[in-house]
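Novice: Provided below are the primary sequence and the corresponding predicted coordinates.
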Amino acid sequence: MQESMASRPAETTPLERVAPPAGQTGIDDPRALQILSTEHWSLLTARSLAYNESFSRAGMFLTFLSATLIVIGFLIGTQGLSTALIPVVAILLLADLYIGAATVGRLFDSNREELLAIRGMNRIRHAYLEMVPGLEPYFVTSPYDDAAGILATYGEPAGAGSLLQNVVHGLTTAIGMVGTIEAMLVGALAGLVAVGLGAGAEIATLAAVGSFLIGVAIFAISGMRWAMSEESRGDARFPSPPPG
């Protein structure tokens, strides 16, 4: 019993079993290139899946919204916007609003996954340059994993453009498009509620336009806060060098 215990090797953690020899780093290991290449392709696949899910979720929302609007158009065309029809239209618009909100939430999660994949690929690209520094002139994407490096991967340096340009650019993205449609649904619901309460056309129009503008403002502020938090999320192991 004592002999078997004495001959048993000491338990080690996985990191201890694969630790490089003293004086060497993981880059010096001949297997490093194959391991990093495999991880690179894995992150590239994860980013592609995030893209596909974003487009499919946005497409599902637009399909459901189109079908709902067709139904509402048929109802109003046959019966007019009567008092009895207002609750039905409101329920349909509320369903669209809920599906759109769920879509925006999932788009935010997909973007978060994409940024994580980009950060990982930038780190791996930095490892490639540590292996072969002469390859740097041939890379068009960034080897740095901070906010500036991630934005450079998108082809846009950090801090480029004015605040208005950044807001307009945000509205052209998938999240911006779905968020704008959500604000339109909020305005339509506000106008519908105003009509249901007996308000005139002018009051209903003002309620719809005001609610739409408030919705766009709330979405733009929330999106900017999210973008700023995502840029600062995580510790940068390889920050971009200062200009010049």
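Specialist: Noted; the coordinates are in hand.

Novice: okay, and the residue nearest in space to the middle of the chain sits in which element?
Specialist: Central residue of the chain (Cα atoms, centre = their mean): residue 111, 1.8 Å from the mean position. Residue 111 is part of helix 86-131, with elements assigned from DSSP states H and E.

Novice: thought the residue nearest to the centre of the chain was touching residue 176?
Specialist: No - with contacts counted by Cβ atoms under 8 Å, residue 111 stays clear of residue 176, the gap being 11.5 Å. For glycine as for every other residue, the C-beta is placed from the backbone atoms N, C-alpha and C.

Novice: the helix holding residue 111 packs against which elements?
Specialist: Secondary-structure packing of helix 86-131 (3 or more Cβ pairs under 8 Å, 6 or more residues apart in numbering; DSSP states H and E): helix 32-79, helix 147-153, helix 174-196, helix 201-231.

Novice: low-confidence ranges in the chain?
Specialist: Along the chain, segments meeting pLDDT under 70 span 1-26, 81, 155-163, 166, 228-234, 244.

Novice: apply 90 and report the result again.
Specialist: 1-34, 47, 49-55, 71-90, 105, 108-116, 131-177, 192-202, 204, 215-244 (pLDDT under 90).

Novice: which residues touch stretch 95-110?
Specialist: Residues from elsewhere that reach stretch 95-110 (Cβ atoms under 8 Å, 6 or more residues apart in numbering): 50-51, 53-54, 57-58, 60-61, 64-65, 68, 174-175, 178-179, 181-182, 185-186, 189, 226.

Novice: same deal with stretch 203-212?
Specialist: Outside stretch 203-212, the residues that touch it by Cβ under 8 Å, 6+ apart are 183-184, 186-195, 199.

Novice: what do you get if the cut-off is 10 Å, keeping everything else the same?
Specialist: If you take Cβ atoms under 10 Å, 6 or more residues apart in numbering as the criterion, stretch 203-212 is touched by 180, 182-200.

Novice: which of the helices or strands spans residue 167?
Specialist: Going by DSSP H and E, residue 167 is in helix 163-171.
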